[in-house]
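Chemist: sequence and predicted model, in that order:
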Amino acid sequence: MQAQHAFDVTSQIFAKPLKHNKIALFVLNVNETGSKTYTLDLKALLARQFGKADMDKGREAAIAGATSWQVRDVWEYKELPPSTVVGGVLTTDAVATRDSRFYVLTPTKAAATKHGASIKTDDRGEVK
């Protein structure tokens, strides 16, 4: 038997915490009528996905303190440009009907500057 719903599901978004404060993010377009570009507020999305009970203090601090995000496209085996996330908002390319995007996100923050140049560190404080 198939359940009847009062709404149509056109997208599904899943997030999962990984080691070293990384986040796996899966975006699925189940829309029957065409492609869609997704614009996702990462801090709001991750707070909803994990909630306070599931978010440890280290991960919460890393996400809250992130000034940028390193984004790895798992399907394409490549790092995406920094313009993929601007102001904590991730924008995907057009996701075709019944297609998906799979990312691994790493929160980063700007460390102290050296000779006027910003030094990027990862979530463990290691210089990139």
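Modeler: Perfect, thanks for sending it. Residues are numbered from 1 along each chain as shown.
Chemist: can you pull out the helices in this structure?
Modeler: Using DSSP state H, the helices found in the chain span residues 42-54, 57-64.
Chemist: which of these has the lowest average pLDDT?
Modeler: Lowest mean pLDDT of those: helix 57-64, a mean of 65.
Chemist: pretty sure residue 30 is touching residue 9, no?
Modeler: Yes: the pair residue 30 and residue 9 qualifies as a contact (Cβ atoms under 8 Å) at a distance of 6.1 Å. Using the backbone N, CA and C atoms, a C-beta is placed for each residue, glycine as well.
Chemist: just want to know which of those two has more residues nearby.
Modeler: A count of neighbours by other Cβ atoms under 10 Å puts residue 30 above the other of residue 30 and residue 9, at 14 against 9.
Chemist: contact partners for that one?
Modeler: Neighbouring residues of residue 30 by Cβ atoms under 8 Å, 6 or more residues apart in numbering: 9, 10, 11, 12, 97, 98.
Chemist: ok, of those residues, which one's closest to residue 86?
Modeler: residue 11 (20.8 Å; Cβ to Cβ).
Chemist: can you pull the pLDDT of the closest one?
Modeler: Reading off the model, residue 11 has pLDDT 90.
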